[in-house]
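>>> After the sequence you'll find the predicted model.
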Amino acid sequence: MVRRISIVSLLAGALVGACGLIARPRAEQLAATMVAQTSAAASPTALATDTPPATSTATDTPGPPTAASTATPQPTPTLGPILVFDDFTSDVGTWLECDVCSWEDGVLVAGPWPVSGAYEQHNIVCGPCGPARHFRMAVDVTYGSGPSERGFGLMVRQTKAFLLTAEVTPHQTLDGWRYDYQNRLWELLSGELSGAVRPGRSTNRVEVEVAPAEIPGNVHISIGVNGRNLIVLFNQPGEIGPVGLTLYGHAVEVLFDKFEFEELPPYSGWQPPQPDGLTG
């Protein structure tokens, strides 16, 4: 059978507000000039003469100094990081259009999808996570029902060229898969059969970190489970793209819980859209 893809995309924008400070003027300084009056003394033998009063010379009093007006520079908005946490207590709008998803007892129940003529990859996009480039992401996953050889976990990246996923199975495997849209081919980038993956219906925490590589534009992708890093994919294409949850094939039911997403620098600059009615 051929693995096919089912994707829902999100376009989002950002609204960032900025405010400035107003400089306060300095205190007034006042100055005044005092002028004294003088009078002449009369001689005992001389006739008294009227002495004209001394003339006071007024001096203009300087006004307060004028404060120089300087424009206050506007602060530069800080980009990132984007942080998302969902404990799936209720539908808060994090996940885009999943017709077969339900919120039950604090978990997201995904599937089963209707039976089709081919195996499909079902992806549930995290809206607030945005088109991510560098990030950490993790989720608790539990096999519910259906064919037990199918993988499920995290959609690490989806672009026009490829899809990359990190999946566990009830048979204690952890795999990194890549789908090439042009050639319509799946490639197993790396796989591990490990006791670190709990079997059956036990809960596993799938963890991914995507960090900048030494080669510009590339990334290193680390994939782990339950606190153990088992796979590193070096120098993968670093195109920006949506992320989220994933599972392979119809007729499978998977339980998701405790989703976490943290953007890592350098940040993409994308910010979640602001709710209607709010201004920056």
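That came through, no problem.

>>> Now residue 102: which helix or strand?
Residue 102 is located in strand 101-104, with elements delineated by DSSP states H and E.

>>> Enumerate the positions of that strand that are buried.
Within strand 101-104, the residues scored as buried using 16 or more other Cβ atoms under 10 Å are residue 101. No exception for glycine: its C-beta is placed from N, CA and C like everyone else's.

>>> helix or strand right after it?
strand 107-110.

>>> For the helix or strand following that next one, C-alpha coordinates in PDB please.
Downstream of strand 107-110, the first helix or strand assigned by DSSP H and E is strand 119-125. Presented in PDB, the C-alpha positions along strand 119-125 are these (Å, rounded to 0.1, in the frame of the first residue of the first chain):
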ATOM      1  CA  TYR A 119      -3.400   4.300   3.600                       C
ATOM      2  CA  GLU A 120      -3.300   8.000   4.300                       C
ATOM      3  CA  GLN A 121      -1.300  10.200   6.600                       C
ATOM      4  CA  HIS A 122      -3.600  12.200   8.800                       C
ATOM      5  CA  ASN A 123      -2.100  15.500  10.100                       C
ATOM      6  CA  ILE A 124      -3.700  17.800  12.700                       C
ATOM      7  CA  VAL A 125      -2.200  21.300  12.400                       C
END
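
>>> Neighbouring strands - and their directions - for strand 119-125?
Paired neighbours of strand 119-125 in the sheet (DSSP bridges): strand 3-6 (parallel), strand 244-248 (antiparallel).

>>> hey, least reliable of those strands by pLDDT?
Note on the strands paired with strand 119-125: lowest mean pLDDT is at strand 3-6, with a mean of 52.

>>> can you give me the strands in the stretch 151-280 of the chain?
Assigned by DSSP state E, counting those that start in this stretch, the stretch 151-280 of the chain shows strands spanning 152-158, 162-169, 173-180, 185-193, 204-212, 218-225, 228-237, 244-248, 253-263.

>>> Quick one: those strands as TSV, columns for distance to residue 146 and mean neighbour count too.
Converted to TSV, the strands of the stretch 151-280 of the chain look like this (distance: least, Cβ to Cβ, whole Å; neighbours: other Cβ atoms under 10 Å):
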stretch	distance to residue 146	mean neighbour count
strand 152-158	10	28
strand 162-169	12	24
strand 173-180	16	20
strand 185-193	20	14
strand 204-212	17	21
strand 218-225	21	21
strand 228-237	25	15
strand 244-248	9	27
strand 253-263	6	20
